[in-house]
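The following comprises the amino acid sequence and a computationally predicted model.
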Amino acid sequence: MNKRLKNEADYDALTNAYSRRRGVEELTNAYSSFIKGSQNPTLMMFDLDRFKLINDNFGHDIGDVVLRRTVEAINEIINNSDIIIRWGGDEFIGIFYGLNKEEAREIAQRILDKINSIEIPVKTSEIDDIVKIEMSIGVTYFSKSDRQPSDAVKRADDAMYESKETGRNKVSFFDVEDVDE
């Protein structure tokens, strides 16, 4: 019973990504390790573009399929040691270990390309359509000047919003000074 309750608390029931509660723990652990001298993980904030329109036009059942397929697609690209967190609604955070900046750019672009390749057929009495997914991604790292993990999450969020404001469906970086190439 306790194991089942912990599993329910740790994982998002819809997408099987880590829950936000568990994600905060993982971010705190990653930040603590970084402060103690371990390698700086790459942090990515993912937000589905125009997700509300998918729900409005095709219904929440299709929206749920989009969310599940998004996490499945990301998991096809990343390593087993990497972490995907459902941050809320259609926002996700990824913690990726062992990537330099160039590798982070490559992985972010591979994730975006994989997301863009998803086609979800929609068939109702009124329409036959295909839902395509687009995503804005923001990438950053922890900085020695961060006081808490949420400082880096805010940077990833800012970078993600830069992606949205400059055309959507792209990757933007918020560089920090103290990250090795």
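That came in fine, so what should we check first?

Quick one: residues contacting the residue lying closest to Y31 once chain neighbours are set aside.
Once flanking residues are discounted, Y31 sits nearest to P149: 4.0 Å by C-beta to C-beta, 6 or more residues apart in numbering. From N, CA and C alone the C-beta is placed, and that goes for glycine too. Shown in contact with P149 (C-beta atoms under 8 Å, 6 or more residues apart in numbering): 24, 27-28, 30-31, 142.

Show the backbone phi and psi for P149.
phi -60, psi -30 (degrees, to the nearest 10).

what's the helix or strand bottoming out on mean pLDDT in the chain packed up against?
Ranked by mean pLDDT, DSSP states H and E, the helix or strand of the chain with the weakest confidence is helix 2-10, at a mean of 79. Judged by 3 or more C-beta pairs under 8 Å, 6 or more residues apart in numbering; DSSP states H and E, helix 2-10 is in contact with helix 20-35.

Summarise which helices and strands the helix it packs on is packed against.
helix 2-10, strand 83-88, strand 91-96, helix 149-165.

And the longest one, how far out from the chain middle?
Meaning helix 149-165. Mean-position distance between helix 149-165 and its chain equals 11 Å (C-alpha atoms, centre = their mean, to the nearest Å).

Kindly calculate the angle that that helix makes with strand 91-96.
Calculated by axes from the mean of the first three to the mean of the last three C-alpha atoms, to 10 degrees, helix 149-165 forms an angle of 120 degrees with strand 91-96.
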